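J.: I'll drop the sequence and a predicted model, then ask my questions.
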Amino acid sequence: MTDEEIFEEEIEEFSAELKERIGALEGMNERLLDEARQNEGEKRYIKSEMVRLQKEIQRLRFELDRMKTPPMIIGTIKDVLTDGRVVVKSSTGPDFIVTTAEYISPENVIVGARVALNKQSLAVVGVLPASLDPIVLGGEVIDRPEISYEDIGGLEDQMREIREAVEDPLLKPELYKKVGIDPPKGVLLVGPPGTGKTMLAKAVAHQTNATFIKFVGSELVQKYIGEGARLVRELFDMAREKAPTIVFIDELDSVGAKRLEVATSGDREVQRTLMQLLAELDGFDSLENVKIIGATNRPDILDDALLRPGRFDRIITIPVPNYVARGEIFKIHTRKMSVAKDVNFEELASRTDGVSGADIKAICTEAGMFAIREDRTKVKMLDFNNAVVKVMVVDADTIGESAHMFA
Ligand SMILES: Nc1ncnc2c1ncn2[C@@H]1O[C@H](COP(=O)(O)OP(=O)(O)OP(=O)(O)O)[C@@H](O)[C@H]1O
Ligand SMILES: [Mg+2]
């Protein structure tokens, strides 16, 4: 081999080696590029994660701050002094003279407004919207009951009276102005249990376009001192706000019982509620457009003050149904029943002297039960006769009692 040949061989070897190394380097370069790309992606992900965590930190800090702010005291403004300071009554007891925060606009700082007070300085830091108790808000009847005047047997005179006293003043106030009398403020329905007092009020609610607020007297009797009176006040506030309004207070005797000399603290709370009710009925704030219907089956225990003219101006007595009314009530309650031809409502009416409308309903239901017991779908006179006996025996005692009360 010549030198030249050796040299060429070496060159070839060398170039092969170089090629190999270039190949290796290219491979490495690709790997690194890949890695770089991957790292780039990771970086982006971490950055976004960081932003997210920073936001979270911010949120938690904010939450922490919120938790750390001291509670504010609720108070009521009693007076606004000429120098801009106000007298507040807080729930803690005594009255304080305090300043108001600058950012509260002066027109909101009025006597009677509910305000938030700083815990340390008792400065007014916020004016709260006037609130109504959820119990009061729940009193408004939104779905009208399905009972109409046609569903009530007898009681035509009473229906006319209640409409005159409640609906007409709301719908035609000019009539009263022309005649020159104040329209009645309210009516009181009194009568033995089960004679249709609640039903009559429901029918008024069904028929009227006015807002209807319904309350059971016992709901106004509350646990804490002054609560009942506040409820009554808020109830009438809402009534005035949503006028024209009819306020119905059922079972009025539970707040309207006679005030006694000796009384427990519970009685006194009920009395305070009653006094608030009397004050509202007297209405320093006009009660135009708000009519009140009360109902009770114990007029004998009602406080005289409730009954004097100017409050419940009209006492409407709902009597135990007479012969004609009983026949009508029987017809009303059998409207949806499948009744055999032999059923004679006149005879049933004459045999049920002294029973109430509720009893008649019970008799009809019982008669239906007797028919079902014998696997019939038509209710016969015999079923009614049995039902009359059954219901009237059960009821004999209670009728005796209430009859002498309303005599
Ligand atoms: N005049 C009537 N016509 C038709 N149904 C009547 C009549 N009176 C009473 N009823 C029936 O009796 C039920 C009870 O009547 P309601 O609740 O009005 O009695 P109430 O007078 O309010 O009694 P309480 O004094 O016990 O509250 C009614 O749901 C109705 O089915
Ligand atoms: Mg009732």
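T.: Perfect, I can see it now. Numbering: from 1, shown residues only. Ligands and ions are numbered 1, 2, ... in the order given.
J.: So residue 297 is in contact with residue 190, correct?
T.: Yes - here residue 297 reaches residue 190: they are 7.2 Å apart, a contact under CB atoms under 8 Å. For the C-beta atoms, the positions are set from N, CA and C on the backbone; glycine is no exception.
J.: So if I had to pick from these two, which one is more boxed in?
T.: A count of neighbours by other CB atoms under 10 Å puts residue 190 above the other of residue 297 and residue 190, at 23 against 20.
J.: Please report phi then psi for the residue lying closest to that one once chain neighbours are set aside.
T.: With sequence-adjacent residues excluded and distances taken as CB to CB, 6 or more residues apart in numbering, residue 190 is closest to residue 299, at 4.1 Å. Backbone geometry at residue 299, expressed as degrees, to the nearest 10, gives phi -60, psi -20.
J.: What distance do you get for residue 299 to residue 22?
T.: In this view, residue 299 and residue 22 are 115 Å apart by CB to CB, to the nearest Å.
J.: The residue in the stretch 301-407 of the chain that ligand 1 sits nearest to: what's it in contact with?
T.: Residue of the stretch 301-407 of the chain nearest ligand 1, by CB to the nearest ligand atom: residue 357 (2.1 Å). By CB atoms under 8 Å, 6 or more residues apart in numbering, residue 357 lies in contact with 153, 154, 194, 195, 196, 199, 321, 329.
J.: Quick check: which element contains residue 125?
T.: strand 124-128 (DSSP states H and E).
J.: what comes into contact with stretch 364-384?
T.: Outside stretch 364-384, the residues within contact range by CB under 8 Å, 6+ apart are 330, 333-334, 337-340, 342-344, 347-348, 363, 386-387, 390-391.
J.: gap between residue 15 and ligand 1?
T.: Using CB to the nearest ligand atom, to the nearest Å, we find residue 15 at a distance of 113 Å from ligand 1.
J.: Does anything pack onto the helix or strand residue 4 falls within? Which helices or strands?
T.: Following DSSP H and E, the helix or strand that holds residue 4 is helix 3-68. Here helix 3-68 touches no other helix or strand, going by 3 or more CB pairs under 8 Å, 6 or more residues apart in numbering; DSSP states H and E.
J.: tell me the domain boundaries of this structure?
T.: Domain assignment for the chain, taken from automatic domain parsing, gives 1-68, 73-128, 136-317, 323-405.
J.: among those, which gets the worst mean confidence?
T.: Across those, domain 136-317 has the smallest mean pLDDT, namely a mean of 81.
J.: quick one: is it near ligand 1?
T.: Yes - using CB under 6 Å from any ligand atom, domain 136-317 reaches ligand 1 at 152-155, 191, 193-199, 297.
J.: Filter the residues you listed down to just the ones in helices.
T.: Among the residues of domain 136-317 next to ligand 1, the ones falling in helices (DSSP state H) are 197, 198, 199.
J.: Restricted to buried residues, select these in PyMOL.
T.: In PyMOL, a selection of the buried entries from those looks like this (16 or more other CB atoms under 10 Å):
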select buried, resi 197+198+199
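J.: Pick the one among the ones in helices among the residues of domain 136-317 next to ligand 1 closest to residue 145.
T.: Residue 145 lies nearest to residue 199 out of these, by CB to CB, at 8.9 Å.
J.: Share the number of residues neighbouring residue 369, please.
T.: Applying other CB under 10 Å, we find 14 residues neighbouring residue 369.
J.: Show me what counts as buried in the helix or strand that contains it.
T.: Element membership for residue 369 (DSSP H and E) is helix 357-373. Within helix 357-373, the residues scored as buried using 16+ other CB under 10 Å are 357-364, 366-368, 370-371.
J.: now stretch 58-72
T.: Going by neighbour count (16+ other CB under 10 Å), the buried part of stretch 58-72 is residue 72.
J.: Same question for stretch 252-262.
T.: Buried residues in stretch 252-262, counted by 16+ other CB under 10 Å: 252, 253, 254, 255, 256, 257.
J.: Include distance to residue 7 when you put those residues into TSV, please.
T.: Below are the buried residues of stretch 252-262 laid out as TSV (distance: CB to CB, whole Å):
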residue	distance to residue 7
252	128
253	131
254	125
255	125
256	130
257	132
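J.: Show me what the residue nearest to residue 100 when sequence neighbours are not counted bridges to in the sheet.
T.: Excluding the flanking residues, the one nearest residue 100 by CB to CB, 6+ apart is residue 124, at 4.1 Å. Residue 124 has the following beta-bridge partners by DSSP bridges: residue 100, residue 117.
J.: so residue 124 sits right up against residue 87, yeah?
T.: No - taking contacts as CB under 8 Å, residue 124 lies outside contact range of residue 87: 10.8 Å.
J.: And the helices in this structure?
T.: Using DSSP H, the helices of the chain run over residues 3-68, 134-137, 156-162, 168-171, 173-179, 197-207, 227-241, 253-256, 265-282, 304-307, 323-334, 345-351, 357-373, 381-405.
J.: Excluding its own residues, what touches the third one? List them.
T.: Contact partners of helix 156-162, identified using CB under 8 Å, 6+ apart, comprise 149, 152, 187, 189, 200, 203, 204, 293, 314, 316, 317, 318.
J.: please redo it, this time with the cut-off set to 7 Å
T.: Contact with helix 156-162 is made by 149, 152, 187, 200, 204, 314, 316, 318, as judged by CB atoms under 7 Å, 6 or more residues apart in numbering.
J.: So which bits of it are buried?
T.: Under 16+ other CB under 10 Å, the buried positions of helix 156-162 are 158, 159, 161, 162.
J.: Tell me how many other residues crowd residue 234.
T.: Neighbours around residue 234, by other CB under 10 Å: 18.
J.: Residue 8 too?
T.: Residues near residue 8, counting by other CB under 10 Å, number 12.
J.: for the residue nearest to residue 100, what are its contacts?
T.: Counting by CB under 7 Å, 6+ apart, residue 124 makes contact with 86, 88, 98, 100, 101, 104, 115, 117.
J.: 10 Å instead, please
T.: Under the criterion of CB atoms under 10 Å, 6 or more residues apart in numbering, the neighbours of residue 124 are 72, 75, 77, 85-86, 88, 98-101, 104, 108-109, 113, 115-118.
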